[in-house]
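Undergrad: Just a sequence and a predicted model for now, questions to come.
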Amino acid sequence: MQSKNSFVAGLFVIALCALVVGAGDVYKVIDFRLHSQEATMELANPDQKIVMYEDVLDRRSLDVKYVSSEGEVLVPQKVVSTEVMNRLVAGEKVRITYLTNNHKRVFYRRQRPQLPWGWLIVGVIAFATAIVALRLYKREAE
């Protein structure tokens with residue numbers, strides 16, 4: 001009896017988790033569509049000396065600016081990968097899409113937010129399964 005309760009409760013928890021993750025992904029897609037701006041990223045101060053490290057870390061913080069048709073946006077201490085840092089130090093301009101309401105969040109090249117349909121489908125199927133399992137459990141208990 002206890003294992004059946006746990007099974008039905010587990011199905012509801014799985015459904016809730018999948019729906020929450022799917023809803024978060026829906027929010028990210030909507031946020032991207034409403035607030036994205038294409039730009040190029042470049043060093044904020046190209047004359048400033050950048051210290052290069054040879055270690056296991058793959059991330060660096062740099063002062064960068066985004067240049068778009070809307071103007072320039074200065075982003076202090078933007079975390080970038082070592083590859084992007086090397087490109088910026090070499091004077092290259094990196095094409096990005098950034099969110100105007102969160103300048104630290106960028107998408108490189110053809111990156112886009114993950115589509116939420118997989119998690120939402122899993123959540124709906126798990127929720128429907130949980131409802132059926134609950135009904136069967138109540139029918140058996142009668």
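TA: Received it, and whenever you're ready, just let me know what you need.

Undergrad: Check which helices and strands the top helix by length along the chain is in contact with.
TA: Ordering each helix of the chain by length in residues (DSSP state H) puts helix 2-35 first. Counting contacts by 3 or more Cβ pairs under 8 Å, 6 or more residues apart in numbering; DSSP states H and E, helix 2-35 packs against strand 94-99, helix 117-141. Where you see a C-beta, it was placed from the backbone N, CA and C, and this is true even at glycine.

Undergrad: how far does the shortest one sit from the chain's center?
TA: Strand 94-99 has its average C-alpha position 14 Å from the chain's average C-alpha position, going by Cα atoms, centre = their mean, to the nearest Å.

Undergrad: Nearest residue to the middle of this structure?
TA: Residue closest to the mean C-alpha point of the chain, counted by Cα atoms, centre = their mean, is residue 113 at 6.2 Å.

Undergrad: which residue packs closest to it, ignoring adjacent ones?
TA: The shortest distance from residue 113 to any non-neighbouring residue, by Cβ to Cβ, 6 or more residues apart in numbering, is to residue 28 (4.3 Å).

Undergrad: Residue 115 is in contact with the one you found, correct?
TA: No. Assessed by Cβ atoms under 8 Å, residue 28 is found out of contact with residue 115, at 9.8 Å.

Undergrad: Between the two, tell me which one has more neighbours.
TA: Relative neighbour count places residue 28 above the other of residue 28 and residue 115, with 17 against 13, counting by other Cβ atoms under 10 Å.

Undergrad: Okay, the more buried one and residue 119: tell me how far apart.
TA: 12 Å (Cβ to Cβ, to the nearest Å).

Undergrad: what's the answer for residue 97, then?
TA: 23 Å.

Undergrad: for residue 142, same thing?
TA: Counting by Cβ to Cβ, the gap from residue 142 to residue 119 is 35 Å.

Undergrad: re earlier: which of the residues in the longest helix of the chain are buried?
TA: In terms of neighbour count (16 or more other Cβ atoms under 10 Å), helix 2-35 has its buried residues at 8, 11, 12, 14, 15, 18, 19, 21, 22, 25, 26, 28.
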